[in-house]
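Have a look at this prediction, sequence included:
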Amino acid sequence: MNSSLLSGLNPEQRAAVELPAQSALILAGAGSGKTRVLTTRIAYLISTGAVSPHGILAVTFTNKAAKEMVTRLSAMLPINMRGMWIGTFHGLCNRMLRAHHREANLPQTFQILDSGDQLSAIKRLMKAMNVDDEKFPPREVQSFISSSKEQGLRASEVEAYDPYTRRKVEIFAEYDTQCQREGVVDFSELLLRCYELLSRNAALREHYQERFKHILVDEFQDTNKLQYQWLKLLAGIPLSNSLPQAGERTNVSLRDHSSTSALFAVGDDDQSIYAFRGANVGNMQALTRDFHVENVIKLEQNYRSHGNILEAANVLISNNRNRLGKNLWTSENGGEQLRVYEAATDVDEAAFIVDEIKQLKSEGINLREIALLYRSNAQSRVLEHALVSAGLSYRVYGGLRFFERQEIKHALAYLRLMENTDDDNALLRIINFPTRGIGARSIEQLQEAAKMNSTTLWDAAARAGGKVSAFVALIESLRSATRELPLPEIMDHVLHHSGLVAHYQNETGVKKREAEERLENLNELVNAATLFVHENEDDSLTSFLTHASLEAGEHQAGDQDDALHLMTVHSAKGLEFHTVFITGLEEGLFPHQNSQREDGGLDEERRLMYVAITRARRRLYLSFAQSRMLHGQVSYGMASSFLRELPEGLLHWITPRVTQRNSFASFGYSAPFTPSSPPVSVEGVQNSAPVQRASSGSVWRIGQRVFHQKFGEGVITGVEGSGADARVQVNFKRAGSKWLALEYAKLTAV
DNA sequence: CGCACGTGGTTTTTT
DNA sequence: ACCACGTGCG
């Protein structure tokens, strides 16, 4: 059983799987079999009897990743997975908070606010507090609150040195009070509340520390500060500096030394692309220190891409500072060169892509094996236009999710209010939808009454008369009529008796089409409930509502259609395709203009480019346009600096190489390009001078001093292979030790 | 109450 | 160019 688990693993993967029960960091490059190692590790631990399923805690960021893990595990292990905790940070925190809602000071049926709910709660609060939303944009307040919580900070702990921040802190404090009163928690609150629960309640903490002998974390480079602290707490690592609560600190460190769990963290610092939302790559360094990690294993063999693609990725990412250091390699051959295309306009770029796709299609490549990547969503428009004209089917990722649709949120609001009448957000959403004659005026009166008596809107409404009391009666009757019904029937009943279905059925004229779609979605909601009941042990309404908040997405059909994939580079992380088009490679777009301002912004953009490149298995197109419609204006851009960081030898220019581009001179649309002197790279080093490649291997011997344009001076320390596959290992003075493919690396003997 | 029109903003995203 | 949101009018 063990041997079959381990068979097919390379030595590093196998070493990772078989590590002793200590904390470890697995630096897993793109396409190196990271998920396989993670799941095999779990299967290994269980099948060797090192731990029971009960002792496993596996954490991911997305539901998709969690599901994938469960699927793979159940294929590997014949046992049932009951008792194993596998899920997202938010899902697992939710689970703990539900189990200990009393200790966490939450109602049993607490509801979860998604970002949209949170924003409307903040707007409502700010109105009540008379805060000028010009000076304090609600969105900014929202991100202030969320990022504070993600740092592990309550309002009372945020340092505010100016009146502006102090005011935001006041709103933050009030917001938390409001949430508590209404029995709702936002996403970051799930984590913070769970963290506080464990840190304040020694018995619970010790219970879970004792239980989870092995904690496994996927995409560790994406963890934020709070998630890291949460992991430390669960693993029984004494809290060092960071999080406040001075009183707790000594308490925790004294008690928790006895049992520390093994944290198995898998991640790739080179694929850290979420710093903008609080991810802290520094956690990888911190981990080795705080968890006394002796085992850092690098998975560098890539099973995805051909050599040239990997080489391009390696060279590009080597321009980043502060890497943990990793160089991907493959046993595959070099494969094709990267195809570079310079278009006159964004429209031409799209036309080129369409032509290439048609060609690929005729060669038998499935459309679903092709991805069109871009830096920002707005860029999809022109691509879509070209694809529609050409009759090529495609799917755009990252649109509105199922549970975020207006009609779905309305339907769920009825259910939420039935579950928890304190939920003012839910009440306000539906008190007049469908319209029942309760206008802004009546609502204001309710809010005043509620404020006066410091009660919830529901209580105020219960005391009101007329149309408001009819609404209260409606909710009450929905509740009593559905009390004994199974979930899908509750759903169906509410849809019809709330007036939602009738409302959309009555739509006419221009809105007719839209209403029909909304009705379909409502119908789909009943299906979702049916499916949920079949798949989940806990088929309560609360459980379904939680599912709706926490797993808003991926309810999209169409996976079986053969369609192109259009998505941002961010959403492409973790995926792979036969052919990838990286589009809009223009300075200012990719790397994005706004990144230049931020500290380390360019490095993050470069990692983004690294992610984009490593999505491709066999063929990679890089394209850019001289002019592009942006914000309603034609803007002119230069080729991305990332393009110039790639070794010429790896590139095949489909358009004539433009070697000099003095600002606007070369923006003639169809004028022939005039090759002249080479461009200057970021570091000011000539980058594209054709370097004589050595035809005979005899020059490349160990000890030979060499020069590389990017890495500078170095000495050959190893030689491998021959002919087209020949690679040399060079120890560079500046850049450290690297393996380079002789066919492409522009090395000169010194 | 609902529609029409004006205004501002526009990197990336999961939960 | 395009979309989301908010205000004012019929």
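Arrived safely. Predicted, not measured: the structure shown is a model, and the values here were computed from it.

May I ask which helix or strand of chain A has the lowest mean pLDDT?
The least trusted helix or strand in chain A, going by mean pLDDT, DSSP states H and E, turns out to be helix A:246-255, with a mean of 44.

Can you pull the residues of the stretch 501-650 of chain A lying near DNA strand B?
Contacts of the stretch 501-650 of chain A with DNA strand B, taken as C-beta under 7 Å from any atom of the strand, map to A:511, A:550-553, A:567-568, A:570-571, A:592, A:594-595, A:598, A:601, A:631-632. For the C-beta atoms, the positions are set from N, CA and C on the backbone; glycine is no exception.

try 6 Å
By C-beta under 6 Å from any atom of the strand, the part of the stretch 501-650 of chain A that sits against DNA strand B consists of A:550, A:552, A:553, A:568, A:570, A:571, A:592, A:594, A:595, A:631.

Please flag which of these sit within helices.
Among these, the ones falling in helices (DSSP state H) are A:550, A:570, A:571, A:594, A:595.

And the helix ranked longest in chain A, what's buried?
Looking across chain A with DSSP H, the single longest helix is helix A:512-535. Burial within helix A:512-535, assessed by neighbour count using 16 or more other C-beta atoms under 10 Å, is assigned to A:515, A:518, A:519, A:521, A:522, A:525, A:526, A:528, A:529, A:530, A:532, A:533.

What are the phi and psi values at residue A:58?
Main-chain dihedrals, residue A:58, degrees, to the nearest 10: phi -120, psi 130.

Compute the number of surrounding residues for residue A:63.
Counted with other C-beta atoms under 10 Å, residues neighbouring residue A:63 total 18.

Which residue is the nearest non-sequential neighbour of it?
Counting by C-beta to C-beta, 6 or more residues apart in numbering, residue A:63 lies nearest to residue A:551, which is 4.9 Å off, once chain neighbours are set aside.

And residue A:187, by the same measure?
Using C-beta to C-beta, 6+ apart, the nearest residue to residue A:187 is residue A:90, at 6.0 Å.

Compute the first-to-last residue distance for stretch A:389-404.
Start-to-end span of stretch A:389-404 (C-alpha to C-alpha, to the nearest Å) is 30 Å.

Ok, stretch A:281-297 next?
End-to-end distance (C-alpha to C-alpha), stretch A:281-297: 17 Å.

chain center to that stretch: distance?
When distances are taken as C-alpha atoms, centre = their mean, to the nearest Å, stretch A:281-297 is centred 22 Å away from the chain's centroid.

same deal with stretch A:539-547?
Centre-to-centre, stretch A:539-547 and its host chain are 24 Å apart (C-alpha atoms, centre = their mean).

buried sites along it?
Neighbour counts over stretch A:539-547 (16+ other C-beta under 10 Å) mark A:541, A:542, A:543, A:544, A:545, A:546, A:547 as buried.

try stretch A:56-66
A:56, A:57, A:58, A:59, A:60, A:61, A:62, A:63, A:65, A:66.

same deal with stretch A:89-106?
Applying 16+ other C-beta under 10 Å to stretch A:89-106 flags A:89-94, A:96-98, A:100-101, A:104, A:106 as buried.

picking that back up, now, which of the buried residues of stretch A:56-66 lie within helices?
Residues of the buried residues of stretch A:56-66 located in helices (DSSP H): A:63, A:65, A:66.
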